[in-house]
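In: No letters, just coordinates:
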């Protein structure tokens, strides 16, 4: 999660930043447009072909940073995702996972 926060704040290496992008709703204005969600960058290697009938995501997807990171990030409450700095983000993240683990 810290990597993802650093990617979104512009403090991560390019090889990580190139895997993730902010979610932008297409064609219309939605409430989710300002919720600070992220999505993975789509590439041609994920398309089905005759040689590769199953997509890469189905085989390896849930182990890849580019797939798991947006899923976990979008699960966070917006108050944590919109933290102004790293210290506040860490504190909110710790509180969120503590409450989730112990059903508080």
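Out: Structure received. These figures come from a predicted structure and were not determined experimentally. Residues are numbered from 1 along each chain as shown.

In: Which residue ranges of the protein form helices?
Out: Assigned by DSSP state H, the chain shows helices spanning 2-8, 14-17, 56-60, 65-75, 78-81, 86-101.

In: Against which helices or strands is the fourth one packed?
Out: Helices and strands in packing contact with helix 65-75 are listed as helix 2-8, strand 20-22, strand 38-40; criterion 3 or more CB pairs under 8 Å, 6 or more residues apart in numbering; DSSP states H and E. (C-beta placed from N, C-alpha, C; glycine too.)

In: tell me the mean pLDDT for that helix?
Out: Here helix 65-75 scores 87 as its mean pLDDT.

In: Which secondary structure element of this structure has the lowest mean pLDDT?
Out: Within the chain, judged by mean pLDDT, DSSP states H and E, the helix or strand with the poorest mean is helix 56-60; its value is a mean of 59.

In: out of the helices of the chain, which comes closest to residue 36?
Out: With CB to CB as the measure, helix 78-81 is the member of the helices of the chain nearest residue 36 (4.4 Å).

In: Quick check: buried residues in that closest one?
Out: 80-81 (16 or more other CB atoms under 10 Å).

In: And stretch 8-16, by the same measure?
Out: Those would be 8, 12, for stretch 8-16 by 16+ other CB under 10 Å.
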